[in-house]
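**Student:** this one's sequence-less:
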């Protein structure tokens with residue numbers, strides 16, 4: 001399974017937000033069953049996009065439990081200009 005999450009930080013928080021998403025991606029990659037986790041920035045610079053792939057739903061749940069246990073910040077807050085767009089993916 002996979003997930004694409006688009007985050008829309010205000011320009012003043014963009015660099016901080018990229019670092020935030022990169023730290024989460026690093027933790028996700030450490031968890032068993034996470035196949036990949038990457039951070040991208042849209043060409044126009046508006047969105048910070050995380051793309052993650054897991055081998056199973058259980059691995060997905062374990063990854064986010066690990067992120068929470070590590071105390072990493074994944075909450076939506078006032079640093080973002082609009083709600084996140086999260087698309088969960090499944091292999092055909």
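**Tutor:** Right, received. Where do you want to start? This one's a predicted model, so the numbers in the text were calculated from it and none came from an experiment.
**Student:** tell me the mean pLDDT for the longest strand belonging to the chain?
**Tutor:** Selection of the longest strand in the chain by residue count, based on DSSP state E, yields strand 80-89. Mean pLDDT, strand 80-89: 96.
**Student:** and it, how far from the chain's centre?
**Tutor:** 10 Å (CA atoms, centre = their mean, to the nearest Å).
**Student:** buried residues in stretch 1-10?
**Tutor:** Using 16 or more other CB atoms under 10 Å as the test for burial, stretch 1-10 gives 1, 3, 5, 6, 7, 8, 9. From N, CA and C alone the C-beta is placed, and that goes for glycine too.
**Student:** excluding sequence neighbours, find me the nearest residue to the last one.
**Tutor:** This means residue 9. residue 17 (3.8 Å; CB to CB, 6 or more residues apart in numbering).
**Student:** what about that neighbour, how many neighbours?
**Tutor:** 19 (other CB atoms under 10 Å).
**Student:** please name every helix or strand in contact with the helix or strand that contains it.
**Tutor:** Counting by DSSP states H and E, the element that carries residue 17 is helix 14-30. Applying 3 or more CB pairs under 8 Å, 6 or more residues apart in numbering; DSSP states H and E, we find helix 14-30 packed against strand 2-9, strand 34-41, strand 48-54, helix 57-69.
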